[in-house]
Structure formats: C-alpha cells, structure tokens
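> one predicted model, sequence on top.
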Amino acid sequence: MSEAIGRMTSTLAAQRTAFAAHPYPSAAERKDKLKSLKAALQNWQGRMVRAVNADFGTRSPTETRLIEVLGPTLEANHAIKHLGRWMRRRRRHTELLFATNQAWVEYQPKGVVGVIVPWNFPSYLALGPLIAAIAAGNRVMIKMSEFTPQTTEVLAGMLGEAFPEDEVAVFGGEVEESKAFGALAFDHLVFTGSPAVGRHVMRAAAENLVPVTLELGGKSPALVAPGADVADAAKRIAHGKAFNAGQVCLAPDYALVPRAAVEEFTAAVAEEFRSMYPNTVGNADYTSIITDRHADRLRGLVADASDKGGKVITVGEHGDGRQLPLAMVTEVHDEMEIAQEEIFGPLLPVIPYDSYEEAVAYIRDRPRPLALYAFGIDGEALEELSRETHAGGMSLNDWGWHAFQHDLPFGGIGNSGMGSYHGEEGFRELSHAKAMFRRHRFFPTGILYPPYGGLLQRLTLRLFLKDPKD
C-alpha cells in the first residue's frame, strides 16, 4: 500500500470518528462552514487562477473566475439562504387505517462523502459536491485528477485553511490512488467523468454497497429547428464549443441543422468563433487542450472523419502546441468516430436533417445525453420535444446555463449519469430521508395482531378490500 493510499484509509477512519462524535451539525454550524469556504475561495482566487492556467498550459483567466470561483460562490450563497427550509422535517400523511397518528420525514446526514473530481473544471467540480455535502451535514474526502497537480495543491491549501482534515480532506495521486479512493467504504460517492470510467467507479463502489451519484457527460445535441434564428444559434453553439476549448461535459457535442441551412450555419459559426478568438495560437483567452494525449485524440477524430468522407472546415490557426482551432465537420455518418465518441474539444459535427421529426428521432435513438439544446422551439412543440426525448437537462436558445442556476438540479440520465446535485436536490441526494412514524398512546394497532380472525380484523379488511371473490 502506498503512503497516499494509507493516508486515505486513515483519514476515512478519522472522519468517521469525528462524525460519530457530532453526527448532526445545526443549520447555523453548516452555514458558518459554507461562509468559511466562500471566504477562503475569495482569498485564494488569484492563486487558483494561476494554478489552473499552469495545469492547462493556457487557461482563460476570465473563464476560470467565472466557473471555478463565481460558480461555487453562487452555489454557496444559495445553500446558505435556503438551508433552514431544506433541513426542516416534512410532514407526511398516514394511511386512513392509521389516521390520528403522525408521520414525517427527517433529513439526516449520511456521514462521509467521497468526491472524485475530473480535470476540466477542477475547482468547480470539487467545490460543488462539497457545498452540497456540507449543507447536508457530512464530512468530505476529495480525490483530484492527476492532470491538475497545481490546482490540487492550491485547493488543498485553501480547504486546509478553512477546515480540519477530519472534516474536509484533499488528495492527489495517479490512477492507482484513484482506484483505491473509489473502493473506500464511503457513505456516498460522487463521481464526475466519462461513462467508461463511471462504470468502473460504480462497480468498485458496489463492493461496499456505497450509493453513487454519477455525472457522466455524453453526446449533447444542439437542435436548430426549422425557422430558428440561424445566426443567433450559431453564436451560442460556437461559444459552447470554444468555452474551455470545448472541454466541458455540457458542451454541445453536435449540431442538428436543417439541410438547407447547413452552409449558412457553418459560415455563421466560423464568423462568431473568429470574433471571439481572432487568433487561436498564443491567445490568453483561448484555453489549451489539457494534455498532448488529449490533443492527439482530437486530431485523430478529425483525421478519421476526413478519411471517411467528411468535409472539415477549420477556423483558426494550427500551432505546435495544444491550442487547437475549431474544426467543423459536415457530411457526417455513423461510421465516423466523431459520431460515436464524446468529443470533449473544439470539434463540431454538423448533421443535416430533412424534417423536424427526423431530427427528434435522431436524438431519441441515441444514448441519453447530459444536456439537450433547442433553438427556435417554443410552446406545444417544446412540450412535445421535452416529453419525447430524455436528457439530464435542457437550455433553450442557448447552451449550458441551466447548470448555472443553483435552484435547479444538475445530473444525467441513463448513459449520462444518475442522481443529481446543486440546490435542494443536492441536499436531498446527500442526506438520508428517514421515515418517522409515531403511534399515539391509545391507537389500537393491537387489532392487527394475531390470533387472526377477530371481528374488528374482519371488518377492517372488508372496509379496505371488500369481500374476497375466491
């Protein structure tokens, strides 16, 4: 066992002991912890921006502040405001048979929550689950990605300033440490990453019957409806593909566009991308691909599409490094790797359709995505689209911003994950909803005891079940 794995095991034991000594923090205590987290994040934000930039090679400082700093701050604010209401016991109705007794639900902290964090938004995807876990009264262990060592160091320092290690602890390490972390006997485990790795995480958690929340991404479609404002849709989709260089679980993976509008759409996307990023090489606002291996994978997807008959439209400069230009691909078919794999980079397949029904069927026939983006759809057509397709969430006439609304749940469905966090749903996810029933002193539950066949039993059964037919 490595030293890092040994520390994980001993920290879990220490957090369990601390939780047992104080298993139900008050609302005031939880709010104070969230305020401490906010203060630490404010104080360390400059170091966070520099660390994320160092891990990526180039990472837009504004994008880092927007997502890694502002996102958790807004989420903590929301939890602080609503926590008292979330924690209140919820009265429930008894069955008529037990009328006059009391039933309610209490939301109890689960204990120690594990959080496995991906590299693409290392602060936000660590602190979002942390905020939900603290709001629910838990202790937390966080495993960071091996691709973000600088951010891991800063996050560990920041959280170490705000919390003792028996309350919140941060771990780095390579793949071996990630596997060991996922196999620990947590009371709940939150994982953000790919569907392929999510399967391994869930399998390991099952050994200890650890409940899991999986946020897994997938191929999120952007549907440009007939009659939509093509130029506006192109602007939003271009931003979705360029933000963090498309390394976003919520990024629009591909665009479904009316066949007659494909040329107009691709030209508009190219124009919007150039207006946001006049140059892609050496531009401090344009994020690099995280590693050479990931950049090579994206280049391979483009080459595969080109070899199989796709038309590639490149927007921006090719440099020697990892700042890759936007590439759109038309004439896409299912034998291409870009039609099957989650892209996670600045590569946009543009898929034409001849009828709106064909486009909806295309979405419905594929694995359920984390997000669905619809442009130019409203009213009854929107209601039908929402009913006929499945996705973790939807943004209309834009991309991704539903995940920034912390009163909405965030999570996937099917291949894109299970469970959700953010807001009240995050609090519920990381709490145990304990069913409570109180029999008042004189209530005659004894009529349901054996020996069976008494008059009151027979009358009770007849009242609810009528006379038996056999």
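Received it, and whenever you're ready, just let me know what you need. The model shown is predicted, which means the values in this text are computed figures rather than measured ones.
> ok, and the closest non-adjacent residue to residue 335?
Among residues not flanking residue 335 along the chain, residue 308 sits closest, at 5.9 Å (C-beta to C-beta, 6 or more residues apart in numbering). Backbone N, C-alpha and C define where each C-beta goes, glycine included.
> how many other residues sit next to the one you found?
16 (other C-beta atoms under 10 Å).
> and the longest helix along the chain, what other elements does it pack with?
The longest helix of the chain (DSSP state H) is helix 27-56. Counting contacts by 3 or more C-beta pairs under 8 Å, 6 or more residues apart in numbering; DSSP states H and E, helix 27-56 packs against helix 61-64, helix 71-87, helix 124-135, helix 149-162.
> out of those, which is closest to residue 395?
Residue 395 lies closest to helix 71-87 among the helices and strands packed on helix 27-56, at 15.6 Å (C-beta to C-beta).
> now the closest one: buried residues?
Using 16 or more other C-beta atoms under 10 Å as the burial criterion, the residues of helix 71-87 that qualify are 71-73, 75-76, 78-80, 82-83, 86-87.
> between helix 71-87 and the longest helix of the chain, find me the angle.
160 degrees (axes from the mean of the first three to the mean of the last three C-alpha atoms, to 10 degrees).
> what angle sits between helix 27-56 and helix 124-135?
Using the same axes, to 10 degrees: helix 27-56 against helix 124-135 is 170 degrees.
> got the angle between helix 27-56 and helix 149-162?
Put simply, helix 27-56 runs at 160 degrees to helix 149-162, going by the same axes, to 10 degrees.
> from the buried residues of helix 71-87, pick the one nearest residue 377.
residue 71 (27.3 Å).
> the nearest residue to that closest one once chain neighbours are set aside: neighbouring residues, count only.
Distances taken as C-beta to C-beta, 6+ apart place residue 124 nearest to residue 71, at 4.7 Å, with adjacent residues excluded. By the criterion of other C-beta under 10 Å, residue 124 has 21 neighbours.
> try residue 387
Neighbourhood size, residue 387 [other C-beta under 10 Å]: 8.
> same thing with residue 459?
10.
> ok, now residue 458?
Neighbours of residue 458 (other C-beta under 10 Å): 11.
> quick check: it vs residue 464, distance?
Plainly put, residue 458 is 12 Å away from residue 464 if you go by C-beta to C-beta, to the nearest Å.
> can you tell me the helix or strand for the nearest residue to residue 247 once chain neighbours are set aside?
Nearest in space to residue 247, with sequence neighbours left out and distances taken as C-beta to C-beta, 6+ apart, is residue 120 at 4.6 Å. For residue 120, there is no host helix or strand (DSSP states H and E).
> thought residue 120 was touching residue 290?
Yes - counting by C-beta atoms under 8 Å, residue 290 is a contact partner of residue 120 at 7.2 Å.
> okay, and the common contacts of these two?
Residues touching both residue 120 and residue 290 (C-beta atoms under 8 Å, 6 or more residues apart in numbering) are residue 247.
> may I have the phi/psi pair for residue 148?
Residue 148 adopts backbone torsions of phi -130, psi 60, taken as degrees, to the nearest 10.
> ok, it touching residue 54?
No - Residue 148 lies out of contact with residue 54 (C-beta under 8 Å); the separation is 9.3 Å.
> between the two, who's got more neighbours?
residue 148 (26 against 16).
> contacts only, for that one.
So residue 148 contacts 51-52, 55, 119, 122 (C-beta under 8 Å, 6+ apart).
> cool, residue 363 as well?
Going by C-beta under 8 Å, 6+ apart, residue 363 touches 221, 223, 256, 369, 372, 389.
> same thing with residue 274?
By C-beta under 8 Å, 6+ apart, the neighbours of residue 274 are 315-316.
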